[in-house]
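Engineer: Sequence plus the predicted model coming up.
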Amino acid sequence: SDMAEPVARAFTWLNARVRVQGAEPTRAEYHTWYLLATLDSADRWQQVLRVTVNASSGAQVPLPDMLDASILLTEPADLPSEHPSTQLVAVRAALGRVQTDSRAFVERLEGRLGRDRKRLQDYYRALLRGDRKRSARRGGEEDPAQKEARAKAVQLELRRKLSELDERYACRVDLAPLAL
C-alpha cells in the first residue's frame, strides 16, 4: 500500500521530505517483556506489565497480548541467561506506565499521609495548650525554664513522629522481569 501518509506522520523534519522507494515484507524479531511492578509503602500495589520492543530498532511497539494476561507468571524460567538489549527499553517504558497506572494508589497514600500528619499536629498542639492551661491554673508558680523545656520536648517528639510517618509512607518501587 501507499506509504507516503504513514512516513509523513512519522518523520517531520524541517526542510526535508522523505519518499519511500520501495517496501517489501521481511521478518522482524520482537521481545515481549512481562514485568511485575510493585509499589511498597504502608500499602502495596502490584501489576503485571507487558512491553513489546523491536529487537533491532529498540522501538516500543503496541502488539496484541500473546499470553493470557490473567495468568500471573511467577517463575522467571523463561528468561535467557543473558538479557537482550531490549531489557533497558522495556524497563524504561514500564516505569513510565507505573507512574500513570499507580496514580490513584499514590493519591490515596498521600491523602492518608496528610490525614495522619494533621492528626499528630493537632494532638501535640493540644498537649501544648493543655500545659499552658495547667500552668495558668497554678498561678504561674512554675519555672519558665521548665515550661520551655517541656514545650521543646513536645516539639521534638512531634518532629520524630512526623519523620516516622514519612518513612512509613515512603514508596519503594520494584520492577522484576517475569518472562520474555
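Structural biologist: It's in. Numbers count the residues shown, from 1 in each chain.
Engineer: ok, then the element right after the helix or strand of the chain with the lowest mean pLDDT?
Structural biologist: Lowest by mean pLDDT, DSSP states H and E among the helices and strands of the chain is helix 4-10, with a mean of 76. Sequence order places strand 30-40 as the next helix or strand after helix 4-10, per DSSP states H and E.
Engineer: That next one pairs with which strands?
Structural biologist: Sheet pairing here is set by DSSP bridges, and for strand 30-40 it gives strand 44-54 (antiparallel), strand 172-179 (antiparallel).
Engineer: What is the neighbour count of Ala179?
Structural biologist: Ala179 has 18 neighbours, counted by other CB atoms under 10 Å. Where you see a C-beta, it was placed from the backbone N, CA and C, and this is true even at glycine.
Engineer: State the pLDDT value of it.
Structural biologist: On pLDDT, Ala179 comes in at 83.
Engineer: Kindly report the same for Thr52.
Structural biologist: 91.
Engineer: I'd guessed it sits against Tyr34; true?
Structural biologist: No. Counting by CB atoms under 8 Å, Thr52 stays clear of Tyr34, with 10.2 Å between them.
Engineer: So which of these two has more stuff around it?
Structural biologist: Tyr34 (25 against 19).
Engineer: is it true that the more buried one touches Arg50?
Structural biologist: Yes. The pair Tyr34 / Arg50 is scored as a contact, 5.6 Å apart, by CB under 8 Å.
Engineer: List the buried residues in the longest helix along the chain.
Structural biologist: Secondary structure of the chain per DSSP state H: the longest helix is helix 103-137. For helix 103-137, the neighbour count (16 or more other CB atoms under 10 Å) marks 105, 109, 112-113, 116, 120, 124, 127, 135 as buried.
Engineer: Many thanks, I have nothing further to ask.
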